[in-house]
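Fold the following, please.
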Amino acid sequence: MKSSELVETALKGIGGLMPIALLMLFAFAIGNVCRELGTGAYVAEATGSWLSPALIPMLIFMISAFIAFATGTSWGTFAIMMAIAVPMAQTMDTNVYMAIAAVMGGGVFGDHCSPISDTTILSSMAASSDHIDHVKTQLPYALAMGALSALLYLLIGFISTY
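Numbering: from 1, shown residues only. Have a look, this model is predicted:
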């Protein structure tokens with residue numbers, strides 16, 4: 001490969017990663033804003049009168065999964081949700097480690113199911129399969145395990161609270 005081809009290929013690769021870098025930058029910025037505004041404590045205070053602390057791990061898992069599915073990034077979900085889930089768990093006297101696990105589990109689950117996730121796109125490309133076919137074949141298995149995980153977070157939430 002000539003040096004000009006090498007430079008052109010490298011710049012093309014860097015250009016392809018710019019949307020991911022911007023998404024991560026914005027996700028960490030939103031996470032910092034949530035932390036500075038005390039969003040987790042606010043949500044805990046606003047829902048504390050009617051929301052059972054036993055439901056917190058399952059809700060955190062489901063919200064994290066939704067955010068990761070919608071954005072296609074687990075790391076961005078971690079940045080946003082950790083700033084909310086940890087203070088919320090502390091304020092509502094829920095197991096903080098379970099809240100962290102729920103954020104991470106939901107983030108990875110949602111990212112795995114998302115058709116716009118970089119790992120999903122790369123997996124279908126590496127397998128030389130149609131992207132949507134890849135998503136359709138992976139979704140039933142992932143949804144079954146996601147539903148089981150949500151039920152286990154609910155069960156563990158009740159066990160640790162009561």
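
Please count neighbours and contacts with C-alpha atoms only from this point.
Will do.

For Pro140, see how far away the spatially most central residue of the chain is.
Nearest residue to the geometric centre of the chain (Cα atoms, centre = their mean): Gly107, 2.2 Å. Using Cα to Cα, to the nearest Å, we find Gly107 at a distance of 18 Å from Pro140.

Ala68 reaches Gly105, doesn't it?
No. At 10.4 Å, Ala68 does not count as touching Gly105 under the criterion of Cα atoms under 8 Å.

of the two, who's got more company?
Ala68 (27 against 22; other Cα atoms under 10 Å).

residue contacts, that one?
Ser74, Gly76, Thr77, Gly106, Gly107, Val108, Phe109, Gly110, Asp111, Ser114 (Cα atoms under 8 Å, 6 or more residues apart in numbering).

if we can go back for a sec, where's the residue nearest to the centre of the chain, which helix or strand?
helix 96-113 (DSSP states H and E).

can you pull the buried residues of that helix?
With burial defined by 16 or more other Cα atoms under 10 Å, the residues of helix 96-113 counted as buried are 96, 98-100, 102-113.

Show me which of those residues is closest to Gly15.
Asp111 (22.3 Å; Cα to Cα).

if I look at that closest one, how far off is Ile80?
14 Å.
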